[in-house]
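In: 3D model of this:
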Amino acid sequence: MHIPDGFIDIPTSAAFGTLALAGTAIALKKAKTEVDDRTAPMAGLTAVFIFAVQMLNFPVAAGTSGHLLGGALAMVLVGPYAASLAITVVLGVQALLFADGGLTALGLNVFNLSVIAVLVSFLVFKLMVKLLPKTKSAIPLAAGIAAFVSVPLSASAFTLQYAIGGNGTAPVETVLIAMLSTHLLIGIGEAVITMLTVSAILASRSDLVYGWSRKEVSLEIRS
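Out: Below you'll find the model as predicted:
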């Protein structure tokens, strides 16, 4: 999912880099509503966890492999704005220190993984929370569904970028089919990892999970 240098032309990379920069600026401004002295360490730990897990690949099909994108997981744990910043930091470190994703393509990767993946997962998660029972056990399921949906839609964003300024010779239709078919399978792995992780944290420190701790709790006054 990490786009290398030269795969998308410079004008397209610059355009989506500008959109990614705008999204990051909004996240910086809004994250103060999600992060405080209690939740700030959680945001840092989330970024470290996603960085580590993204280094691990699991086989998908036909010799391809995938790894956790982390947008939905981070969003459920620390909120959409803090999640976007956490993923952006991870992508920056990967590009600068590990050559995982090109420097000229950093804006493309941030747009796809920090903006689109987080935004889509947030919208799907909120919808699932409304539809599913209002219980703690429903949160991991909602998170898993959000994670599954966010992966192929992020892949579709790459296909759009390729259609606009791709330097490859493959037809756009072929790229779209290949990306969706592969990332639907990756989405299953993403959903499983997200559900297990959210379930584990809910079981031990549910107050640190944004997707649950921000629930309104009705108070009962007893005499």
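In: Check this structure and tell me which residue is nearest its centre.
Out: In the chain, the centroid-proximal residue (C-alpha atoms, centre = their mean) is Gly71; its distance is 1.4 Å.
In: Now do the same contact list for it.
Out: 83, 87, 113-114, 117-118, 120-121, 147, 150, 154 (C-beta atoms under 8 Å, 6 or more residues apart in numbering). Just so you know, the C-beta spots here come from the backbone N, C-alpha and C atoms, and that holds for glycine as well.
In: Excluding covalently adjacent residues, which one is nearest to it?
Out: Residue nearest to Gly71 in three dimensions, not counting chain neighbours: Ala117, with 3.1 Å by C-beta to C-beta, 6 or more residues apart in numbering.
In: Please tell me I have it right and that neighbour contacts Leu68.
Out: No - counting by C-beta atoms under 8 Å, Ala117 stays clear of Leu68, with 10.9 Å between them.
In: Tell me which of those two has more neighbours.
Out: Ala117 (31 against 24; other C-beta atoms under 10 Å).
In: and that one, what are its phi and psi?
Out: For Ala117, the backbone dihedrals (degrees, to the nearest 10) come out as phi -60, psi -40.
In: In contact with Ala74, which residues are there?
Out: 46-47, 50, 82-83, 86-87, 118.
In: Return the distance of it relative to Thr46.
Out: 5 Å (C-beta to C-beta, to the nearest Å).
In: what do you get for Leu141?
Out: Distance, Leu141 to Thr46, by C-beta to C-beta: 20 Å.
In: more crowded one of the two?
Out: Thr46 (27 against 18).
In: those strands in the protein, which residues are they?
Out: Secondary structure of the chain by DSSP state E: the strands cover 58-59, 65-66.
In: What residue, apart from its backbone neighbours, is nearest Lys30 spatially?
Out: The nearest residue in space to Lys30 (C-beta to C-beta, 6+ apart) is Tyr81, at 4.2 Å.
In: So the one you found sits against Ala25, correct?
Out: No - using C-beta under 8 Å, Tyr81 is not in contact with Ala25; the gap is 10.9 Å.
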